[in-house]
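[1] Requesting a structural model of the entry that follows:
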Amino acid sequence: MALTVGELIAALKDEDPATPVILQKDAEGNGFSPLEGGDPGMYAAETTWSGEFYDLPKENPEDHELDDEPPSDAVRAFVLYPVN
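    Just a heads-up that it's a prediction; the model follows:
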């Protein structure tokens, strides 16, 4: 199961706010990269370990392109992305 925003906040609550956040490339620790940023969106799992991320639905339906439409089982999520 994915870590929730609340669980992440709880894990970081005692850390110095100036501490850099580093992302691990994979479960085996084959690489690391600093956190660049993050965005809210919609996540549709394809397997237990990967899936697709979509932009949040736009307020105006005419602004939507059909290719950007998340599947009906997509859930709201927050994606963190590395520098590289």
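[2] all contacts plus neighbour counts: C-alpha atoms, from now on.
    OK.
[3] same question for the top strand by length along the chain, mean pLDDT?
    Ordering each strand of the chain by length in residues (DSSP state E) puts strand 32-45 first. The average pLDDT for strand 32-45 rounds to 95.
[4] Please name the strands paired to it in the sheet, noting orientation.
    Applying DSSP bridges, strand 32-45 is found paired with strand 22-24 (antiparallel), strand 51-54 (antiparallel), strand 75-82 (antiparallel).
[5] Could you list the residues in contact with it?
    Residues from elsewhere that reach strand 32-45 (C-alpha atoms under 8 Å, 6 or more residues apart in numbering): 20-25, 51-56, 70-71, 73-84.
[6] Narrow these to just the buried residues.
    Buried subset of these (neighbour count, 16 or more other C-alpha atoms under 10 Å): Leu23, Phe53, Tyr54, Leu56, Pro70, Ala74, Ala77, Pro82.
[7] what residues are up against the first one?
    With contact set as C-alpha under 8 Å, 6+ apart, Leu23 has these partners: Phe32, Ser33, Pro34, Leu35, Pro82.
[8] List the beta-bridge partners for the first one.
    Per DSSP bridges, the residues bridged to Phe32 are Gln24.
[9] same question, the last one
    Beta-bridge partners of Pro82, counted by DSSP bridges, are Leu35.
[10] what residues are up against it?
    Ile22, Leu23, Ser33, Pro34, Leu35, Glu36, Gly37.
[11] Quick check on the residues you listed: which are buried?
    The buried subset of those (16+ other C-alpha under 10 Å) comprises Leu23, Leu35.
[12] out of the contacts of Pro82, who's nearest Asp16?
    Nearest to Asp16 out of those is Ile22 (C-alpha to C-alpha; 14.2 Å).
[13] now that closest one, nearest residue through space, not along the chain?
    Leaving aside its chain neighbours, Ile22 sits nearest to Pro34 (4.2 Å; criterion: C-alpha to C-alpha, 6 or more residues apart in numbering).
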